[in-house]
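Asker: Got a predicted model here, sequence first, then my questions.
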Amino acid sequence: MPDPEANISYLRTRIPGSVKLIAVSKTKRADEIIRVYNCGQRLFGENRVQELLEKKALLPEDIEWHLIGHLQTNKVKYVVPFIGMIESVDTYKLLSTINSESRKINRITDCLLQIHIAEEETKYGFSIKELTEIGDSGAFKDLKNLRICGVMGMATFTDDADQVRKEFSFLRECRNRIKTNFFASEDYFREISMGMSGDYEIAIEEGSTMLRIGSLLFGERIKK
C-alpha cells in the first residue's frame with residue numbers, strides 16, 4: 001500500500017477546507033483503513049451493507065460511516081442505528097423505508113438524494129422530474145425522521161472532461177432548484193456529493209461539498 005499520510009497531505013493541499021473528504025474504503029482490509037484513520041481521517045464510505053457491518057465491528061467507534069452504494073430496502077434496518085449519512089437514496093420507496101426504520105428507534109437519519117446525471121443506464125438515481133413531483137406532492141414534509149441534506153451524483157466514466165463538467169454543473173443546478181422549491185428555509189440542505197479520484201478537481205470547481213476518494217488514498221501513489 002502506498003503511504004497514506006503522503007497521499008492525504010497532498011490531497012488536503014488540493015481540496016478546500018470547506019469540502020469534506022470521504023475515504024472510499026470498499027474492498028479494503030481493516031488494517032489498510034486504520035492506516036488512513038491514523039492520518040486523521042474520520043469519514044469513510046462503503047458500498048455494501050455486509051462489508052460495512054464487518055468493518056464497523058473491527059474499527060474505532062469515532063469513524064463516521066457513509067453508505068455510498070445502492071441500498072436495498074431490506075438492508076436499511078441494519079445501518080440506520082449508526083450510519084452517519086446514506087448518500088445513495090435513489091427511490092421514494094427507499095426514502096420511506098429509511099424514515100420508517102428511523103422512527104422505530106427515534107432517530108433522525110441524514111441522507112442525500114441520488115440524481116442520475118450520467119449517460120450510463122446502469123447508474124442509479126432520481127430524475128429531477130421525479131424529485132419535483134415528490135416535492136410538489138408535499139411528501140418530503142411527511143418524512144419526519146429524515147434530514148435530507150442535499151444531492152449526490154456520479155458522472156459518466158469517460159475521459160471527456162467537458163462532459164463530466166456538464167454533468168456536475170447539472171447536479172449543482174438540481175441542488176439549487178430543489179433547495180429553492182422545497183428546502184429554502186433548511187440550512188442543512190446544502191451538500192453536493194460529487195467527484196471521485198479521477199474527476200475531483202472538476203467537481204470542486206463546479207461546487208462539490210463532498211468528495212468520494214478511494215484509489216488516490218488506497219491505490220497507486222499520487223504522481224506529483
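Answerer: Noted; the coordinates are in hand.
Asker: Tell me where this structure is predicted with low confidence.
Answerer: Filtered on pLDDT under 70, the chain yields the residue ranges 1-2, 122-123, 220-224.
Asker: Do a quick rundown of the helices in it.
Answerer: 4-14, 30-37, 49-58, 76-79, 92-104, 128-137, 139-142, 161-182, 200-205, 215-218 (DSSP state H).
Asker: closest one to residue 121 among those?
Answerer: helix 161-182 (14.5 Å; C-beta to C-beta). C-beta coordinates here come from the backbone N, C-alpha and C atoms, glycine included.
Asker: Show me which positions of that closest one end up buried.
Answerer: 164, 165, 167, 168, 170, 171, 172, 174, 175, 178, 179, 182 (16 or more other C-beta atoms under 10 Å).
Asker: which residues touch that helix?
Answerer: Here helix 161-182 makes contact (C-beta atoms under 8 Å, 6 or more residues apart in numbering) with 113, 115, 117-119, 128, 131-132, 135, 140, 150-151, 153, 155-156, 158, 189-192, 194-195, 199, 202-203, 205-208.
Asker: rewinding a little: tell me which of the helices of the chain is the most buried.
Answerer: Mean neighbour count (mean count of other C-beta atoms under 10 Å) peaks for helix 215-218 among those, with a mean of 21.
Asker: circling back: ok, which of the helices of the chain comes nearest residue 69?
Answerer: helix 49-58 (8.5 Å).
Asker: circling back to that earlier point, kindly reformat the helices of the chain as JSON lines and extend each row with distance to residue 20.
Answerer: Listed next are these as JSON lines, based on distance: least, C-beta to C-beta, whole Å:
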{"stretch": "helix 4-14", "distance to residue 20": "12"}
{"stretch": "helix 30-37", "distance to residue 20": "15"}
{"stretch": "helix 49-58", "distance to residue 20": "18"}
{"stretch": "helix 76-79", "distance to residue 20": "19"}
{"stretch": "helix 92-104", "distance to residue 20": "21"}
{"stretch": "helix 128-137", "distance to residue 20": "23"}
{"stretch": "helix 139-142", "distance to residue 20": "23"}
{"stretch": "helix 161-182", "distance to residue 20": "15"}
{"stretch": "helix 200-205", "distance to residue 20": "12"}
{"stretch": "helix 215-218", "distance to residue 20": "14"}
